[in-house]
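Student: Here is a sequence with its predicted model. Questions after.
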Amino acid sequence: MDFEATCKKIRSLDSKIRFAGMVNNQGRLVAGGMKEDKTPLEDKKDDEMLFMELVLRTKMRKEFDKQLGAVKFAMSYRDKAVVMSFPVNEHVLLVSAEKEIDFAKIPFKILKILKI
């Protein structure tokens, strides 16, 4: 999978998508990033913590795969943004969007792009 092209395609899905990035299993951003016309809500140092915490949460969710099935995506509705994560093999796709996004449809469009 071409991570950079995938992130670009996801960012173009909706004008309310702010960020789409692929994070490796060590919590490092390896592709994608913020849309050029958007201002980050956090600073670079916070990004690193967010990515590491995201990878940890994704790994912890695997504990229940046998009972509940594999996680396709997880979503948090926050005061300032909607944050979605999608396990992609040994990586995690992180997508953030403005709260007004249609979060009943966008994750499933992203799954189609990821072919999960």
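Tutor: The structure has been received and is ready for your questions. Computed from a prediction, not measured in an experiment: that's the story for all the values here.

Student: Heading C-terminal from the one helix or strand Leu94 maps to, find the next helix or strand.
Tutor: Following DSSP states H and E, one finds Leu94 within strand 91-97. Following strand 91-97 in sequence order, the next helix or strand is helix 106-114 (DSSP H and E).

Student: hang on, the earlier thing: show me what the strand holding Leu94 is packed against.
Tutor: Judged by 3 or more CB pairs under 8 Å, 6 or more residues apart in numbering; DSSP states H and E, the packing partners of strand 91-97 are helix 3-11, strand 17-23, helix 44-61, strand 82-88, helix 106-114. Placement of C-beta: from N, CA and C, glycine included.

Student: ok and it relative to strand 17-23, angle-wise?
Tutor: Taking axes from the mean of the first three to the mean of the last three CA atoms, to 10 degrees, one finds strand 91-97 and strand 17-23 inclined to each other by 170 degrees.

Student: Starting from strand 91-97, tell me which strands it pairs with and how they run.
Tutor: As defined by DSSP bridges, the strand partners of strand 91-97 come to strand 17-23 (antiparallel), strand 82-88 (antiparallel).

Student: which one of these is the most hemmed in?
Tutor: strand 17-23 (a mean of 23; mean count of other CB atoms under 10 Å).

Student: quick one: that one to chain centroid distance?
Tutor: 6 Å (CA atoms, centre = their mean, to the nearest Å).

Student: buried residues in the worst-scoring helix or strand of the chain on mean pLDDT?
Tutor: One helix or strand of the chain scores below all others by mean pLDDT, DSSP states H and E: helix 44-61, with a mean of 86. Neighbour counts over helix 44-61 (16 or more other CB atoms under 10 Å) mark Asp47, Leu50, Phe51, Leu54, Val55, Thr58 as buried.
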